[in-house]
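Engineer: Sequence isn't available, so here's the structure alone:
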């Protein structure tokens with residue numbers, strides 16, 4: 001990388017309001033109009049791409065908040081877990097019933113986060129089994145639970 005390229009990268013970081021900057025994906029404001037457009041896409045579009053995808057139900061709890069992390073998360077409190085998991089399953093069910101998702105195949109389930117390992121083994125199994133019942137998960141799928 002030459003000096004001009006380094007300078008361009010550093011310049012891009014100067015104007016960020018968020019630290020660390022969103023480098024993985026840019027943040028967009030979700031408006032009611034955008035949400036409606038997205039919902040219509042899911043409801044009315046068949047997935048003809050043939051691409052196998054990964055399913056990422058997020059467990060947004062952590063033992064503590066890392067200073068470098070900008071993902072939405074909450075400090076783990078046992079009394080919040082079951083209501084959250086029930087809401088997560090309702091949302092997953094809603095997506096699983098859309099035309100786009102019904103015509104999609106998933107070869108990987110990644111319990112994202114947060115820190116999904118704060119869940120009990122039974123809670124993790126419950127979410128994974130729920131996904132297997134409601135989504136087209138391939139027989140040789142991989143399951144990941146990052147620490």
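Structural biologist: The structure has been received and is ready for your questions. A quick note: this is a predicted structure, and the numbers were derived from the prediction, not measured.

Engineer: When you work out contacts or count neighbours from here on, use the C-alpha atoms and nothing else.
Structural biologist: OK.

Engineer: quick one: least confident helix or strand in the chain?
Structural biologist: helix 3-14 (a mean of 60; mean pLDDT, DSSP states H and E).

Engineer: for the helix or strand following that helix, packing partners?
Structural biologist: Moving toward the C-terminus from helix 3-14, the next helix or strand (DSSP states H and E) is helix 32-44. When contacts are defined as 3 or more CA pairs under 8 Å, 6 or more residues apart in numbering; DSSP states H and E, helix 32-44 packs onto helix 99-102.

Engineer: quick one: average pLDDT of the lengthiest helix in the chain?
Structural biologist: Taking DSSP state H as the criterion, the chain has its longest helix at helix 78-96. Helix 78-96 carries an average pLDDT of 95.

Engineer: same deal with stretch 61-74?
Structural biologist: 80.

Engineer: That stretch: end-to-end distance?
Structural biologist: Terminal residues of stretch 61-74 lie 5 Å apart, using CA to CA, to the nearest Å.

Engineer: What sits closest to the spatially most central residue of the chain if chain neighbours are left out?
Structural biologist: The residue lying closest to the centre of the chain (CA atoms, centre = their mean) is residue 56, at 4.6 Å. Computed as CA to CA, 6 or more residues apart in numbering, the closest residue to residue 56 that is not its neighbour in sequence is residue 110, at 4.8 Å.

Engineer: Likewise for residue 45?
Structural biologist: Leaving out its chain neighbours, the residue that sits closest to residue 45 by CA to CA, 6+ apart is residue 100, at 5.3 Å.

Engineer: Tell me how many other residues crowd that neighbour.
Structural biologist: A count of nearby residues for residue 100, using other CA atoms under 10 Å, gives 17.

Engineer: any idea how far it is from residue 81?
Structural biologist: Here the criterion is CA to CA. By it, residue 100 lies 29 Å from residue 81.
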